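K.L.:
dropping the sequence and predicted coords here.
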Amino acid sequence: MKSVRSIFGVVALMSLGLFLLAGCKSVQKVSKSVSEPVVEDHATSPYAFKAGFYYIFDFSDPSVSGFNEKAAIENLIKEEIPVTDIWYKAGARSCRPPGSEMVMTVIVEPVFLVRLNKAYSGMTELGYKLAEEPGLGDCAYTVRHYVY
């Protein structure tokens, strides 16, 4: 009878250990591939960004040339950063509102915005700045939104 209790106790302890180990793992999954983007219009009506920590790619850095959104996303995946959303608005020299035939000649700055559930200091080493307030600037009629 004592050996049955001992075996039951060992099995119970092993089960508890496995349960605790499983509970310590990160809950958020890290994506392994680039998702398909959804095209959104952020300029016709106000866009509600969800709560989180937003990082914006620093295009003003002199070392940045020939930005590639897919390569930037693949780099975040390679670094195993648990991204929840990415928005990308390409830079342009003109802006055409939806339903309009008139094009305005303006300089549209590019924006690459990343949302995380938790702050991650390593983003600055990858060329991102913590955004005080998420946004995509003026003329955000064509924004690609990647959801993870």
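P.N.:
All right, it came through fine. Residues are numbered from 1 along each chain as shown.

K.L.:
name the helix or strand for P62, please.
P.N.:
Secondary structure from DSSP states H and E places P62 outside every helix and strand.

K.L.:
going forward, the N-terminal residue is numbered 54.
P.N.:
In the new numbering, first residue 54, that becomes P115.

K.L.:
for R168, give me its contacts.
P.N.:
102-103, 105-107, 136-139, 187 (Cβ atoms under 8 Å, 6 or more residues apart in numbering). Any C-beta I mention is one placed from the backbone N, CA and C, and that applies to glycine too.

K.L.:
what about the helices in this structure?
P.N.:
55-77, 122-131 (DSSP state H).

K.L.:
any idea which of these scores lowest on pLDDT?
P.N.:
Among the helices of the chain, helix 55-77 carries the lowest mean pLDDT, at a mean of 42.

K.L.:
pretty sure F106 contacts Y181?
P.N.:
No: if you go by Cβ atoms under 8 Å, F106 and Y181 don't touch, sitting 10.6 Å apart.

K.L.:
please pull out the lowest mean pLDDT helix or strand from this structure.
P.N.:
Counting by mean pLDDT, DSSP states H and E, the chain has its least confident helix or strand at helix 55-77, which shows a mean of 42.

K.L.:
how about the contacts made by C192?
P.N.:
Neighbours of C192 in contact, by Cβ under 8 Å, 6+ apart: 96, 145, 148, 157, 159, 161.
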